[in-house]
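*Asks:* what shape does this take:
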Amino acid sequence: MAVLETSTLRRSRLTGGAVLALTLVLVLGACSSSSKSSSPTTKTKTASSATPVSAASTLTGKTPCEKAGPPASEGQVLDGSGHFHRGPYPQVPLSESTRVSLEQEQVDARAVAVKYPTVASAQAAGYRESTVYVPCIGAHFTNTSLVASFNPSAPSELLYDGTKPTSKIVGLSYLVFHPGGPPTGFAGGNDRWHQHTFNGGLCMKGGLVIGAESTSKTACAQEGGQKIALNDIWMVHDWIVAGWECSWGVFAAECPELGGKAGLDAFH
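*Replies:* This is a model prediction of the structure:
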C-alpha cells in the first residue's frame, strides 16, 4: 500500500473514491467480528523468513522506479527487523507439487487482471480509489468486501498505471485483515507479506493519508493528523499482468518498471 509524503498529498487530493485511511477503517470495522468468530491458520513463514539480498548489490539507480525517488513507504522495503531491502528478492526453490499449485493460483490471478483491464472496469465492480498513482507500486483501487481472507481469484486491491478511467492495470495487491501474523497466501515461500507499522504507522487526517511512516508524530500533529499503526493489516503484490512483468520478482514489494510522477501516472 502506498503512502506519499505530506507535501505531495496536499497537492494531490484523491477524488471520486475512498482514500486509504477510510479504506483501512472500513477494513478494521468489517473484519473485527469475523476475526473473533474464527481462527484462520497462520502462515508459518513471516515477512522476512527468506533473507533478501543486499539492496546495495542489486540497485542500479537506472530503473524508472529508482529514478522516480525513494520507496513509497518504509513498510514496502523494510523487513520485520527493520532492515532496508529495496530491490529484488531471491526465490525460494519449490517442489513440483508446490509449483503446480502456484501455477494454478496465478492462472486464477491473471484472470482477474484480464477481467478488470481499466480503472473504469474496476470501479464498476466496486473497487474504489484508495491512493493516487505512486511510482514503483501504482495507483491502488480497493474493494473492502474482499479483505477478510486471501483468495487468488479475489484480490482486494487492483493496481493501475494512473487514476483516469482509461488507466491500465499493472498488477494485483492482496490486502488482508489477519491478526497474529501474515495469512496463508500463495503456495511456496516467495510471497513475502509487508505491513505499514514502522515509526507508529501512517499519518492520517479526516479520511486522508497525509504522511508516510517516516512522518514524525509531531509533524503529523502539526498537520492535524494522527499516527496509526495498522498491526493487523497485511499486504502482498502480485505482478502478473502481461507487459508489466516485474524484474524484481512476481511478488516484489516494488516494480522498478513503474516510474512516472506521484499524483499523475507511470508515463509523466
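*Asks:* pull out the buried residues from stretch 165-182.
*Replies:* Buried residues in stretch 165-182, defined by neighbour count with 16 or more other Cβ atoms under 10 Å: 167-178, 181-182. All C-beta atoms are positioned from the backbone trio N, CA, C, and that covers glycine.
*Asks:* check the offset of that stretch from the chain's centre.
*Replies:* Per Cα atoms, centre = their mean, to the nearest Å, the displacement of stretch 165-182 from the mean C-alpha position of its chain is 5 Å.
*Asks:* span of that stretch from start to end?
*Replies:* End-to-end distance for stretch 165-182, by Cα to Cα, to the nearest Å: 33 Å.
*Asks:* stretch 222-236 now?
*Replies:* End-to-end for stretch 222-236, by Cα to Cα: 32 Å.
*Asks:* wait, residue 109 sits on residue 155?
*Replies:* Yes: because the distance of 7.1 Å satisfies Cβ atoms under 8 Å, residue 109 is recorded as touching residue 155.
*Asks:* of those two, who's got more company?
*Replies:* Per other Cβ atoms under 10 Å, whichever of residue 109 and residue 155 has more neighbours is residue 155, with 27 against 22.
*Asks:* quick check: phi and psi on the nearest residue to that one once chain neighbours are set aside?
*Replies:* Excluding the flanking residues, the one nearest residue 155 by Cβ to Cβ, 6 or more residues apart in numbering is residue 172, at 4.3 Å. Residue 172 adopts backbone torsions of phi -120, psi 160, taken as degrees, to the nearest 10.
*Asks:* below-threshold pLDDT in this protein: ranges please.
*Replies:* Across the chain, the ranges flagged by pLDDT under 70 are 1-58, 205-210.
*Asks:* can you give me the helices in it?
*Replies:* Shown for the chain, the helices assigned by DSSP state H span residues 6-11, 20-37, 64-68, 74-77, 96-115, 119-124, 217-222.
*Asks:* understood, closing this out.
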